[in-house]
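Trainee: please work out how this folds:
(chains A, B and C)
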Amino acid sequence: MLSAILTITLLALFFGLVLGYSAIRFKVEGDPIADQIDALLPQTQCGQCSYAGCRPYAEAIANGEAEINRCPPGGETTMIALAELLGRDPVPLEDAEAAEKPKSVARIIEKDCIGCTLCIQACPVDAILGAAKQMHTVIESECTGCELCIPPCPVECIVMEPVKETPETWRWPYPAQEQGQEANHA
Amino acid sequence: MPDTAAPVWDFHGGLHVPDHKAESNSTPVRTAAVPKRLTLPLQQHIGHIAECAVQVGDKVLKGQLIARASDYVSANIHAPTSGTVVDVAELPIAHPSGLTAPCVVIESDGDDTWTELPEPLDYRETDPADLRERLRWAGIVGLGGAVFPTSVKTNTTGRKVDTLIVNAAECEPYITCDDRLMREQPGDAIDGALILKHIVGARQVLVGIEENKPEAIEALRDHIEQNDLKDFEIRVVPAKYPSGGEKQLIHLLTGIEVPSQGLPLQVGIVCQNVATCAAVSDAVQRGRPLISRIVTLTGQGVEQPGNFRALIGTQVSDLIAQAGGYRNDVSRLLMGGPMMGFGLHSDEVPITKGSNCFIATTEVEMPSPAASQPCIRCGDCVKVCPAQLLPQQLYWYARARDFDKAQDYHLFDCIECGCCAHVCPANIPLVHYYRFAKTEVWAAERERQQSDLARRRHEFREARLARLEAERKARLRKKKEALDKKPAKSADGKGADPKKAAIEAAMKRVAAKKKAAAAGTEAEPAQEKTKEDA
Amino acid sequence: MQFATPSSPHLHNDNAVQKVMGQVLLALLPGIGAMWWLFGWGVIINIGIATVTAVVCEWLFLRARGRDPRPAISDLSAVLTAWLLALALPPLLPWWQTVVGTAFAIIVAKQLFGGIGYNPFNPAMAGYVLLLVSFPATMTRWLPPEILAEHTLTLGDSLRAVFTSLPPAGLTWDAITSATPLDAMRNQLDQNRMISEIRLSPLWGDFGGRGWEWIGNAFLLGGVFLLWRRVITWRIPVSMLGSLLLVAGIFWMIDPETHPFPAFHLFSGAAIIGAFFIATDPVSASTTPRGQLIYGASIGLLVFVIRTWGGYPDAVAFAVLLMNMAAPMIDHYTQPTVFGAQGARDD
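Mentor: Numbers count the residues shown, from 1 in each chain, chains lettered A, B, ... in the order given. Prediction:
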């Protein structure tokens, strides 16, 4: 009886020490989960998820405050990737229509631009080049298509144009399915 | 007959397919007529797109530079004939997507006048770097179909090269352009090989050629013997597809396996197509840029199959017309061979530096693919894969869009030769699945890079705004401190505002007078008043 | 001119699933002939019942799934499953048991997993094991070969036995049935008799039971045909029979009186048909070259183990099903080395 109690106590002490040591020795700094989530988000910084950018949304997901289906630019792919990372079930996208929009970039109609710099201040990735009373222009390769520049423009001279597919960016389509896969509701 | 004296290794898998060479290799190469219009895509090579160097309305001469290589891995493009630039626009090109690409359109003036060309060089007296510069100027790219800039490929960056392999295998059925080139211009091909051997500093040259080209073998052998060339050997290999794949050919001739995802240069080998060698000879020994190539036109859908020496930029429809036109039962037009080539949506596309063959075929000759059935895991695909992959597993993962797993199974080692799909009893379009998977992986990689860039820019912007905010706060704080110091100075009256001082003095005087008036009102009120009035 | 643009390659050989299955069916004919010669019409009746059941079940199930049944039926895989199952069954098995077994094989072991190409277990063996476990009495009621039998059954007798579960007129089941050689050997060994003693009985031929061993030869003929036509590779049959012979040989050398001669194992039970027709089912077997060797060798080993120390006289079905479970793992660990994997990148 006594030997049993002694053994269990010693084992508990031993494992307690091991766990305590591990907790200190292998402690991970920072919030790696939020970083991992942020790495999966498309970085459009558009705010459509109702958070002020992709990093705040990532942190909200890590805290459990936000659902994983709120990112339209990321679409289905990002939602599935987040589901796999976090071990959750996939959830239908909140705004599926917005997710289906083709990738676009902004373009300033230069003859209408008045040089007010309001769009420059709005762009979350500083993709608009210009200065006060100087011509503004969007650097096409840096634009993420977030559309935050469109509301501030007082003369409505910014339009979104879909990115054109080139032979270099073209993707082979998914092959047609097997014979007999189409439903035959005879 | 295979050359039994020389050692030849074998590669795993591969197929013996009927070669269909006789349809087009029995007639000499015809020179195609100079067309009225030439359409030159600015991207005819691997690497960065060439920069257009002409404008609409410019007059150009044959061989004149019309687009410049925009980067190290890029290539020049020259006008194939003399004429006027009539358009620089997005036009349809020969690509499986059927999309358009930037092109320069030249209308020929019929004179075919050459521009001033650089001097011919004696390669034996010329530095390899200068020879590579000449190849770069001439816009030479791999003419076997890979179109990689030759000046870049032959830059050995200090590595020792033991063997230059000339790829004369032409293993794909139907294609015969290299065969006819070797029969008719063996000297040019061999001279080019010697120039390349000099550039890369190779010890020996091995020409890998399939046994189904006896006349070409003989032509090359004769030339080698007549010129008593040393360290220059022909190695005949069995006609097995795809023995012309670069890694497969290297293994056949030397027994060396090029590392997976690696380059032949890493094992001391440089491999060049035999047509590229002929173009190299043209550039170095005659100072001519790459403006034409031999193209095979074959298949049961065309009246007179054969080979043409055609100017780059000729429309495919033009060549078909010169080959007698289509037969009535033509069903498909392929660019390339039947195993790796892709279908063209239309024949109104230009030929490029990489166009080696066009096959106009019929339903009888190449039936439309039968409907595919579920995979029965028979393993026939594993038996024939020359890259020693598990095509079956690649198929399952590509189909499930599990691209990470597909890459674990070496997706990018697949050379898309088509052997697996050829033998699949369930008719599964395997190569289509792998191509789909590859382009998806590349697209995901591009998106990842874009989003990384956007994240960095956003973080920089946040930092910039924070810095501006901090600077503004610091400025305000300083100002506030400066203002706080000023009231302490004005307490002792010195150096105070003069206006304030006058007002204070006047107020003091009024107060004193009031006091005096209150103290001695009867004494001198009139005098005071008068004094005040004055 | 505008053209259609399918993906490359644009040439295809003339191989097709139907051709593969058809050649296997052809290769079974010598064996079927031998079984008919030795055991009468019961075998043919079983094949008929099983084939009809299999096709009907597959048709109905595919319609229920909303798919077109014609491609699946025309690839002959259901027919092959039916034949392999029927050949494993005793000749006079009641018809409804054959139906149950075949229906289970097609519906549960094949279609519920997704149809051809998706089933992890060999359907014929799954059906066989279901029947063996559920109906042990009728499933072990074999006939003696006609050369040894006292009573031969006519077609009518066989039909009557199958469809009414009654023995032929005037006879009892005991009078006409006999144990299989494996069964007989096992029972007598359990009674502690010596091999040399057992083999004195006229029931035994050169290797296995008299008459029975000829079935093995007939299926071997079919197997060689399949090898020649390259429908199957040599790896699974050679490794399975090789390992069976090797292990049986080792134990026979240790104690020849309690372990039969190795060739006995080869020519009894389902060893030969298992090696060439059952274990080689591509969908449920291992697919990598090295994996196939491991798979086949393990089946051979398991067959010996179960036959010698297990609860059932014949073991091929169980061995195959057990290795079906291991096949994905074997595949995972035996991937072929990709071309150029040996060379290391030096930058």
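
Trainee: make it CA atoms for all contacts and neighbour counts henceforth
Mentor: OK.

Trainee: what helices or strands is the helix or strand hosting B:L40 leaning on?
Mentor: Using DSSP states H and E, B:L40 sits in strand B:37-41. Identification of packing neighbours for strand B:37-41 by 3 or more CA pairs under 8 Å, 6 or more residues apart in numbering or on different chains; DSSP states H and E yields strand B:100-108.

Trainee: related to what we said a few turns ago, just want the angle from the strand holding B:L40 to strand B:100-108.
Mentor: Strand B:37-41 and strand B:100-108 are oriented at 150 degrees to each other (axes from the mean of the first three to the mean of the last three CA atoms, to 10 degrees).

Trainee: near the spatially closest residue to A:C157 that is not a sequence neighbour, how many other residues are there?
Mentor: Nearest non-adjacent residue to A:C157, counting by CA to CA, 6 or more residues apart in numbering or on different chains: A:I109, 5.3 Å away. Neighbour count of A:I109, defined by other CA atoms under 10 Å in any protein chain shown: 14.

Trainee: surely B:R235 touches B:I217?
Mentor: No - using CA atoms under 8 Å as the test, B:R235 is too far from B:I217 to be in contact (9.2 Å).

Trainee: shared neighbours of these two, anything?
Mentor: Shared contacts of B:R235 and B:I217, defined by CA atoms under 8 Å, 6 or more residues apart in numbering or on different chains, comprise B:I209.

Trainee: mean confidence for the strand holding B:L40?
Mentor: Strand B:37-41 carries an average pLDDT of 96.

Trainee: who does that strand pair up with?
Mentor: On the basis of DSSP bridges, the sheet neighbours of strand B:37-41 come out as strand B:100-108 (antiparallel).

Trainee: ok now the host helix or strand of B:Y434, how far from the chain's centre?
Mentor: B:Y434 belongs to helix B:430-489 when assigned by DSSP H and E. Here helix B:430-489 shows a centroid-to-chain-centroid distance of 33 Å under the convention CA atoms, centre = their mean, to the nearest Å.

Trainee: other SSEs contacting that helix?
Mentor: If you count contacts as 3+ CA pairs under 8 Å, 6+ apart, helix B:430-489 packs onto helix B:391-399, helix B:403-408, helix B:419-423.

Trainee: ranking the ones you listed by burial, who's on top?
Mentor: Most buried of the helices and strands packed on helix B:430-489, by mean neighbour count (mean count of other CA atoms under 10 Å in any protein chain shown): helix B:419-423, with a mean of 27.

Trainee: buried stuff in stretch B:137-156?
Mentor: For stretch B:137-156, a neighbour-count test (16 or more other CA atoms under 10 Å in any protein chain shown) marks B:137-145, B:147-156 as buried.

Trainee: distance across it, terminal residue to terminal residue?
Mentor: Start-to-end span of stretch B:137-156 (CA to CA, to the nearest Å) is 18 Å.

Trainee: contacts for it next, please.
Mentor: B:44-47, B:72-78, B:132-133, B:135-136, B:196, B:199-200, B:265, B:270, B:272-276, B:279-280, B:283, B:288-290, B:353-356.

Trainee: thinking again about what came up before, and the next helix or strand past the strand holding B:L40?
Mentor: Using DSSP H and E, the helix or strand that follows strand B:37-41 towards the C-terminus is strand B:51-52.

Trainee: which strands or helices does that next one pack on?
Mentor: Packing partners of strand B:51-52 (3+ CA pairs under 8 Å, 6+ apart): strand B:65-68.

Trainee: could you point out which element follows the biggest helix by length in chain A?
Mentor: If you go by DSSP state H, chain A has its longest helix at helix A:2-25. For helix A:2-25, the following helix or strand on the C-terminal side (DSSP H and E) is helix A:32-40.

Trainee: any idea how far that next one is from the chain center?
Mentor: In terms of CA atoms, centre = their mean, the gap separating the centre of helix A:32-40 from the centre of its chain is 10 Å.

Trainee: how about stretch A:130-146?
Mentor: That offset, for stretch A:130-146, works out to 22 Å (CA atoms, centre = their mean).

Trainee: for the residue of the stretch 151-300 of chain C found nearest chain A, grab the count of nearby residues.
Mentor: In the stretch 151-300 of chain C, the residue that lies nearest chain A is C:V283 (17.1 Å; CA to the nearest CA). By other CA under 10 Å, 20 other residues sit near C:V283.

Trainee: roughly how far does it sit from C:G117?
Mentor: According to CA to CA, C:V283 and C:G117 sit 5 Å apart.

Trainee: overlap of the contact sets of those two?
Mentor: Joint contacts of C:V283 and C:G117 (CA under 8 Å, 6+ apart) are B:I376, B:R377.

Trainee: enumerate every residue touching A:S104.
Mentor: Each residue near A:S104 by CA under 8 Å, 6+ apart is listed here: A:T144, A:G145, A:M160, A:E161, A:P162, A:V163.

Trainee: can we see that at 7 Å?
Mentor: For A:S104, the contacting residues are A:G145, A:M160, A:E161, A:P162, A:V163, by CA atoms under 7 Å, 6 or more residues apart in numbering or on different chains.

Trainee: and for it, nearest residue in space, chain neighbours not counted?
Mentor: That would be A:P162: by CA to CA, 6+ apart, it lies 3.9 Å from A:S104.

Trainee: and the one you found, what does it touch?
Mentor: A:P102, A:K103, A:S104, A:V105.

Trainee: of the residues you listed, grab the buried ones for ChimeraX.
Mentor: Entered in ChimeraX, the line below selects the buried ones among those, by 16+ other CA under 10 Å:
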select /A:104,105
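
Trainee: can you put the contacts of A:P162 in TSV and add distance to C:L29?
Mentor: Output for the contacts of A:P162, formatted as TSV (distance: CA to CA, whole Å):
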residue	distance to C:L29
A:P102	60
A:K103	62
A:S104	65
A:V105	69
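
Trainee: can you tell me which of the contacts of A:P162 lies nearest to B:K473?
Mentor: Closest to B:K473 out of the contacts of A:P162 is A:V105 (35.5 Å), distances taken as CA to CA.

Trainee: ok but that closest one is inside a strand, no?
Mentor: Yes - A:V105: assigned to a strand according to DSSP: H, G, I helix; E, B strand; the rest coil.

Trainee: separation between the closest residue to it other than its chain neighbours and B:R461?
Mentor: Distances taken as CA to CA, 6+ apart put A:G145 closest to A:V105, at 4.7 Å, once the chain neighbours are dropped. Computed with CA to CA, the distance linking A:G145 and B:R461 is 17 Å.

Trainee: more crowded one of the two?
Mentor: Using other CA under 10 Å, the more surrounded residue of A:G145 and B:R461 is A:G145, with 21 against 16.

Trainee: how about that one, what does it touch?
Mentor: A:T44, A:K103, A:S104, A:V105, A:A106.

Trainee: show me the domain layout of chain B.
Mentor: Annotated domains of chain B cover B:22-335, B:372-482 [automatic domain parsing].

Trainee: out of those domains, deepest packed?
Mentor: The most buried one of the domains of chain B (mean count of other CA under 10 Å) is domain B:22-335, showing a mean of 21.

Trainee: got the end-to-end distance for it?
Mentor: Its first and final residues considered, domain B:22-335 spans 19 Å by CA to CA.

Trainee: same deal with stretch B:22-30?
Mentor: 16 Å.

Trainee: what mean pLDDT does that stretch get?
Mentor: Taken as a whole, stretch B:22-30 carries a mean pLDDT of 93.
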